[in-house]
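> Structural data only, the sequence is not supplied:
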């Protein structure tokens, strides 16, 4: 196990720094920008769904593990996209003037 960390030390540092940078960037985003950022995240999750479908298409029909994981990825990605649009819609409703 220690050998794995020594071989991949640079990659581990990059992941840790990416996490810290991501937390810092997201914590400093003003509330008015959250809706456009969420819409962008929905588009990224759409790409994840397409990637999972492509991977499932290239999997062997006898490889049940790959097909099951691909199906779960498509299902969870779809739920994430739909949930993101629902939350975005609710946030946009908050900015509309009441009659």
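It's in. A quick note: this is a predicted structure, and the numbers were derived from the prediction, not measured.
> Where does the prediction get shaky in the protein?
Scanning the chain for pLDDT under 70 picks out the ranges 30-39.
> same thing but at 90, please
Where the chain drops to pLDDT under 90, the residues are 1-8, 22-49, 51-52, 55-56, 59, 63, 65-66, 69-70, 73, 76-99.
> Against residue 51, how distant is residue 59?
13 Å (C-beta to C-beta, to the nearest Å). C-beta here means a position set from N, CA and C on the backbone, and glycine is covered the same way.
> List the buried residues for the longest helix along the chain?
Among the segments of the chain that qualify as a helix by DSSP state H, the longest is helix 64-95. Neighbour counts over helix 64-95 (16 or more other C-beta atoms under 10 Å) mark 70, 73, 74, 77, 80, 81, 84, 88 as buried.
> which one of those is nearest residue 17?
residue 80 (25.5 Å; C-beta to C-beta).
> I figured the closest one was touching residue 45, is that so?
Yes: Residue 80 lies in contact with residue 45 (C-beta atoms under 8 Å); the separation is 4.9 Å.
> And residue 14, how far from residue 20?
As judged by C-beta to C-beta, residue 14 and residue 20 stand 11 Å apart.
> next one: residue 55
30 Å.
> out of these two, which sits in the more crowded spot?
Between residue 55 and residue 20, counted using other C-beta atoms under 10 Å, residue 55 has the larger neighbour count: 15 against 10.
> Residue 63 is in contact with the more buried one, correct?
No: judged on C-beta under 8 Å, residue 55 makes no contact with residue 63 at a distance of 10.8 Å.
> My guess is residue 52 contacts residue 68. True?
No: at 11.7 Å, residue 52 does not count as touching residue 68 under the criterion of C-beta under 8 Å.
> which residues sit against stretch 9-24?
residue 5 (C-beta atoms under 8 Å, 6 or more residues apart in numbering).
> Check which residues of that stretch are buried.
Going by 16+ other C-beta under 10 Å, stretch 9-24 has no buried residues at all.
> what about it, distance to the chain center?
17 Å (C-alpha atoms, centre = their mean, to the nearest Å).
> what do you get for stretch 56-75?
With C-alpha atoms, centre = their mean, you get 19 Å for stretch 56-75.
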